[in-house]
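Colleague: Have a look; sequence and predicted model below, questions after that.
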Amino acid sequence: MEAIQNEIVAFHHVSKIYNTGTVALSQFHFSITEGEFISFLGPSGCGKSTALRMVAGLGEATEGKVEVFGQNPKEVIKNTNDVAFVFQDANLLPWRTVLENVMLPLELRGSDKKSRKEDAIKVLEMVGLKDHIKSYPRQLSGGMRMRVSIARALAAKPKLLLMDEPFAALDEITRQTLQTELLEIWKREKMTILFVTHNVFEAVYLSTRIAVLSARPGRLSSIIDVDLPYPRERTDERFTEYVDISSQSLENSSTQRELV
(Lines give C-alpha, C1' and ligand atoms only; values in the text may rest on other atoms or scores of the structure.)
Protein backbone atom coordinates (compact mmCIF):
# COMPACT_ATOMS: atom_id res chain seq x y z
CA MET A 1 0.00 0.00 0.00
CA GLU A 2 1.34 3.43 -0.93
CA ALA A 3 2.36 5.56 2.04
CA ILE A 4 0.25 8.57 2.91
CA GLN A 5 1.85 11.79 1.67
CA ASN A 6 4.23 13.28 4.25
CA GLU A 7 3.58 10.40 6.64
CA ILE A 8 6.56 10.13 8.98
CA VAL A 9 5.53 7.33 11.36
CA ALA A 10 2.84 4.69 10.97
CA PHE A 11 1.71 2.01 13.40
CA HIS A 12 -0.30 -0.58 11.49
CA HIS A 13 -2.41 -2.52 14.02
CA VAL A 14 0.65 -3.18 16.17
CA SER A 15 0.67 -5.64 19.06
CA LYS A 16 3.66 -6.33 21.27
CA ILE A 17 3.92 -9.34 23.57
CA TYR A 18 7.11 -9.79 25.57
CA ASN A 19 8.72 -13.16 26.31
CA THR A 20 7.33 -12.92 29.83
CA GLY A 21 3.82 -12.99 28.38
CA THR A 22 3.19 -9.31 29.12
CA VAL A 23 1.00 -7.71 26.44
CA ALA A 24 2.36 -4.17 26.14
CA LEU A 25 0.40 -3.05 23.05
CA SER A 26 -2.72 -4.43 21.38
CA GLN A 27 -3.83 -3.48 17.86
CA PHE A 28 -2.31 -0.01 18.12
CA HIS A 29 -3.07 1.91 14.92
CA PHE A 30 -1.88 5.49 14.51
CA SER A 31 0.05 7.71 12.09
CA ILE A 32 2.09 10.90 12.37
CA THR A 33 2.60 13.40 9.57
CA GLU A 34 5.46 15.76 8.87
CA GLY A 35 5.92 18.70 11.24
CA GLU A 36 3.58 17.47 13.98
CA PHE A 37 4.35 17.51 17.68
CA ILE A 38 2.67 14.36 18.97
CA SER A 39 2.47 13.29 22.59
CA PHE A 40 1.70 9.75 23.68
CA LEU A 41 -0.18 10.23 26.95
CA GLY A 42 -1.09 7.38 29.25
CA PRO A 43 -0.58 5.75 32.65
CA SER A 44 2.67 4.03 33.56
CA GLY A 45 3.03 0.64 31.91
CA CYS A 46 0.58 1.32 29.07
CA GLY A 47 3.12 0.74 26.28
CA LYS A 48 4.05 4.34 25.45
CA SER A 49 7.78 3.73 25.70
CA THR A 50 7.43 0.36 23.96
CA ALA A 51 5.85 2.09 20.97
CA LEU A 52 8.52 4.77 20.94
CA ARG A 53 11.35 2.23 21.08
CA MET A 54 9.91 0.38 18.10
CA VAL A 55 10.02 3.63 16.11
CA ALA A 56 13.68 3.89 17.10
CA GLY A 57 14.35 0.37 15.85
CA LEU A 58 14.91 -0.92 19.40
CA GLY A 59 12.19 -3.56 19.27
CA GLU A 60 9.88 -5.29 16.83
CA ALA A 61 6.14 -5.76 16.72
CA THR A 62 4.74 -9.20 17.55
CA GLU A 63 1.88 -8.46 15.16
CA GLY A 64 1.35 -5.64 12.70
CA LYS A 65 4.02 -3.29 11.40
CA VAL A 66 5.78 -0.05 12.29
CA GLU A 67 7.04 2.16 9.47
CA VAL A 68 9.26 5.24 9.60
CA PHE A 69 9.45 7.27 6.39
CA GLY A 70 7.72 4.31 4.76
CA GLN A 71 10.52 1.92 5.73
CA ASN A 72 11.53 -0.52 8.43
CA PRO A 73 12.79 1.59 11.39
CA LYS A 74 16.02 -0.42 11.69
CA GLU A 75 16.92 0.36 8.08
CA VAL A 76 16.28 4.07 8.61
CA ILE A 77 18.45 4.12 11.74
CA LYS A 78 21.20 2.14 10.03
CA ASN A 79 21.38 4.18 6.83
CA THR A 80 20.42 7.75 7.75
CA ASN A 81 20.65 10.47 10.42
CA ASP A 82 16.92 11.13 10.12
CA VAL A 83 15.91 9.81 13.57
CA ALA A 84 17.30 10.81 16.98
CA PHE A 85 16.31 9.61 20.47
CA VAL A 86 16.35 11.46 23.80
CA PHE A 87 15.90 9.20 26.82
CA GLN A 88 14.64 10.08 30.30
CA ASP A 89 18.21 9.79 31.56
CA ALA A 90 20.66 12.07 29.77
CA ASN A 91 23.06 9.11 29.34
CA LEU A 92 26.17 11.27 28.92
CA LEU A 93 29.65 9.76 28.92
CA PRO A 94 31.25 11.05 32.14
CA TRP A 95 34.80 11.03 30.76
CA ARG A 96 33.91 13.26 27.82
CA THR A 97 33.32 17.00 27.90
CA VAL A 98 30.02 18.57 26.89
CA LEU A 99 31.40 19.27 23.42
CA GLU A 100 32.79 15.75 23.06
CA ASN A 101 29.46 14.22 24.13
CA VAL A 102 27.57 16.21 21.51
CA MET A 103 30.13 15.35 18.84
CA LEU A 104 29.79 11.60 19.50
CA PRO A 105 27.01 10.75 16.98
CA LEU A 106 28.83 12.79 14.34
CA GLU A 107 32.01 10.84 15.04
CA LEU A 108 30.14 7.57 14.68
CA ARG A 109 28.84 8.75 11.30
CA GLY A 110 32.37 9.52 10.16
CA SER A 111 32.11 13.31 9.91
CA ASP A 112 35.40 15.16 9.70
CA LYS A 113 36.67 16.72 12.92
CA LYS A 114 36.27 20.36 11.86
CA SER A 115 32.68 20.07 10.66
CA ARG A 116 31.52 17.98 13.62
CA LYS A 117 32.99 20.51 16.05
CA GLU A 118 31.28 23.37 14.23
CA ASP A 119 27.95 21.51 14.18
CA ALA A 120 28.24 20.59 17.87
CA ILE A 121 28.98 24.16 18.93
CA LYS A 122 26.02 25.38 16.88
CA VAL A 123 23.52 23.12 18.64
CA LEU A 124 25.06 23.84 22.06
CA GLU A 125 24.50 27.51 21.37
CA MET A 126 20.92 26.65 20.41
CA VAL A 127 20.31 25.11 23.86
CA GLY A 128 22.18 27.84 25.75
CA LEU A 129 25.32 25.87 26.64
CA LYS A 130 27.98 27.38 24.40
CA ASP A 131 29.87 28.63 27.47
CA HIS A 132 30.03 25.12 28.96
CA ILE A 133 31.63 23.17 26.12
CA LYS A 134 34.67 22.22 28.24
CA SER A 135 32.64 21.14 31.28
CA TYR A 136 32.11 17.51 32.27
CA PRO A 137 28.67 16.03 33.05
CA ARG A 138 29.40 15.90 36.80
CA GLN A 139 29.79 19.68 36.78
CA LEU A 140 26.30 20.27 35.35
CA SER A 141 22.84 20.47 36.87
CA GLY A 142 20.14 17.99 35.86
CA GLY A 143 18.57 20.52 33.50
CA MET A 144 21.92 21.30 31.87
CA ARG A 145 22.66 17.61 31.36
CA MET A 146 19.31 17.20 29.63
CA ARG A 147 20.13 20.18 27.40
CA VAL A 148 23.35 18.40 26.40
CA SER A 149 21.36 15.26 25.62
CA ILE A 150 18.97 17.25 23.42
CA ALA A 151 21.90 18.99 21.71
CA ARG A 152 23.52 15.62 21.01
CA ALA A 153 20.28 14.42 19.40
CA LEU A 154 20.01 17.58 17.29
CA ALA A 155 23.63 17.53 16.12
CA ALA A 156 22.92 15.18 13.21
CA LYS A 157 19.98 17.36 12.05
CA PRO A 158 17.27 14.68 12.41
CA LYS A 159 13.89 14.93 10.73
CA LEU A 160 12.24 12.97 13.54
CA LEU A 161 13.02 13.47 17.24
CA LEU A 162 11.87 10.81 19.70
CA MET A 163 11.66 11.79 23.38
CA ASP A 164 10.86 9.39 26.22
CA GLU A 165 9.75 11.44 29.26
CA PRO A 166 12.93 13.55 29.06
CA PHE A 167 11.85 16.08 31.70
CA ALA A 168 10.26 13.70 34.23
CA ALA A 169 13.11 13.84 36.75
CA LEU A 170 13.47 17.64 36.72
CA ASP A 171 12.00 20.21 39.09
CA GLU A 172 8.92 22.03 37.83
CA ILE A 173 10.60 25.37 37.01
CA THR A 174 13.38 23.69 35.02
CA ARG A 175 10.85 21.43 33.34
CA GLN A 176 8.71 24.34 32.15
CA THR A 177 11.77 26.22 30.90
CA LEU A 178 12.94 23.24 28.85
CA GLN A 179 9.44 22.69 27.47
CA THR A 180 9.45 26.24 26.12
CA GLU A 181 12.95 25.88 24.71
CA LEU A 182 11.99 22.60 23.03
CA LEU A 183 9.06 24.27 21.29
CA GLU A 184 11.34 27.03 20.01
CA ILE A 185 13.72 24.41 18.59
CA TRP A 186 10.82 22.47 17.03
CA LYS A 187 9.47 25.57 15.28
CA ARG A 188 12.90 26.74 14.13
CA GLU A 189 14.17 23.38 12.88
CA LYS A 190 10.82 22.30 11.40
CA MET A 191 11.19 18.72 12.59
CA THR A 192 8.61 16.17 13.70
CA ILE A 193 8.57 15.23 17.40
CA LEU A 194 7.09 12.19 19.10
CA PHE A 195 7.04 12.76 22.86
CA VAL A 196 6.11 10.30 25.60
CA THR A 197 4.64 11.63 28.86
CA HIS A 198 2.15 10.81 31.59
CA ASN A 199 1.84 14.51 32.48
CA VAL A 200 -1.38 16.05 31.15
CA PHE A 201 -0.19 19.67 31.51
CA GLU A 202 3.00 18.89 29.59
CA ALA A 203 1.09 17.16 26.79
CA VAL A 204 -1.30 20.10 26.34
CA TYR A 205 1.48 22.69 26.47
CA LEU A 206 3.59 20.97 23.83
CA SER A 207 1.41 19.06 21.42
CA THR A 208 -0.42 19.61 18.17
CA ARG A 209 -2.17 16.29 18.88
CA ILE A 210 -2.33 13.99 21.90
CA ALA A 211 -2.75 10.25 21.49
CA VAL A 212 -4.21 8.85 24.70
CA LEU A 213 -3.34 5.21 25.38
CA SER A 214 -5.37 2.89 27.57
CA ALA A 215 -3.96 1.04 30.53
CA ARG A 216 -2.11 -2.16 29.62
CA PRO A 217 -2.44 -3.53 27.08
CA GLY A 218 -1.94 -0.19 25.37
CA ARG A 219 -4.63 0.70 22.83
CA LEU A 220 -5.43 3.97 21.15
CA SER A 221 -8.18 5.27 23.37
CA SER A 222 -8.65 8.79 21.98
CA ILE A 223 -7.00 11.52 19.92
CA ILE A 224 -7.12 15.13 21.06
CA ASP A 225 -6.41 17.92 18.58
CA VAL A 226 -5.00 20.78 20.64
CA ASP A 227 -6.29 23.81 18.76
CA LEU A 228 -4.31 26.45 20.66
CA PRO A 229 -1.81 28.93 19.21
CA TYR A 230 1.84 28.94 20.26
CA PRO A 231 3.21 30.15 22.60
CA ARG A 232 0.65 28.80 25.04
CA GLU A 233 -0.27 30.31 28.38
CA ARG A 234 -0.73 27.76 31.14
CA THR A 235 -3.15 30.07 32.94
CA ASP A 236 -5.34 30.63 29.86
CA GLU A 237 -8.95 29.46 30.14
CA ARG A 238 -8.80 27.41 26.94
CA PHE A 239 -5.55 25.77 28.07
CA THR A 240 -7.35 24.70 31.25
CA GLU A 241 -10.22 23.33 29.15
CA TYR A 242 -7.81 21.14 27.17
CA VAL A 243 -6.21 19.95 30.39
CA ASP A 244 -9.66 18.95 31.66
CA ILE A 245 -10.49 17.17 28.37
CA SER A 246 -7.17 15.32 28.40
CA SER A 247 -7.52 14.39 32.07
CA GLN A 248 -11.01 13.01 31.46
CA SER A 249 -9.78 11.07 28.42
CA LEU A 250 -6.96 9.62 30.48
CA GLU A 251 -9.36 8.65 33.25
CA ASN A 252 -11.73 7.00 30.80
CA SER A 253 -9.03 5.27 28.76
CA SER A 254 -9.07 2.03 30.72
CA THR A 255 -12.75 1.43 29.91
CA GLN A 256 -13.04 2.88 26.41
CA ARG A 257 -12.92 0.66 23.35
CA GLU A 258 -10.04 1.12 20.97
CA LEU A 259 -10.51 4.03 18.57
CA VAL A 260 -11.08 2.79 15.02
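Modeller: Right, received. Where do you want to start?

Colleague: how near is the residue in the chain sticking out farthest from the centre to P217?
Modeller: What lies farthest from the middle of the chain is K114; by Cα atoms, centre = their mean that is 29.3 Å. Computed as Cβ to Cβ, to the nearest Å, the K114 to P217 distance reads 50 Å. No exception for glycine: its C-beta is placed from N, CA and C like everyone else's.

Colleague: before we move on, what about H12?
Modeller: Look at H12 and P217: by Cβ to Cβ, they are 17 Å apart.

Colleague: Those two - which one has more neighbours?
Modeller: More neighbours surround P217 than the other of H12 and P217, with 21 against 16 (other Cβ atoms under 10 Å).

Colleague: Got phi/psi on the residue most central in space within the chain?
Modeller: Nearest to the mean C-alpha position of the chain, counting by Cα atoms, centre = their mean, stands M163 at 2.4 Å. With angles defined as degrees, to the nearest 10, M163 sits at phi -130, psi 120.

Colleague: ok, it touching A84?
Modeller: No: between M163 and A84 there is no contact under Cβ atoms under 8 Å: 9.3 Å.

Colleague: got any ranges where the stretch 101-250 of the chain has weak pLDDT?
Modeller: In the predicted model of the stretch 101-250 of the chain, no residue satisfies pLDDT under 70.

Colleague: Got phi/psi on S135?
Modeller: The phi/psi pair for S135 (degrees, to the nearest 10) is phi -80, psi 160.

Colleague: what's the answer for K65, then?
Modeller: Main-chain dihedrals, K65, degrees, to the nearest 10: phi -150, psi 140.

Colleague: try D119
Modeller: phi -70, psi -40.

Colleague: Tell me, how many residues neighbour it?
Modeller: By other Cβ under 10 Å, neighbour count at D119 equals 19.

Colleague: how near is the closest residue to it other than its chain neighbours to S149?
Modeller: The spatially closest residue to D119, leaving aside those adjacent along the chain, is A155, at 5.5 Å (Cβ to Cβ, 6 or more residues apart in numbering). For A155, the distance to S149 equals 11 Å [Cβ to Cβ].

Colleague: what's the neighbour count on D164?
Modeller: 20.

Colleague: and if you look at M146?
Modeller: When neighbours are counted by other Cβ under 10 Å, M146 registers 25.

Colleague: same question, G128
Modeller: G128 - counted by other Cβ under 10 Å - has 13 other residues nearby.

Colleague: Tell me where the protein has strands.
Modeller: Ranges of strands within the chain are 7-17, 23-33, 37-41, 63-68, 83-86, 160-164, 192-197, 209-213, 220-225, based on DSSP state E.
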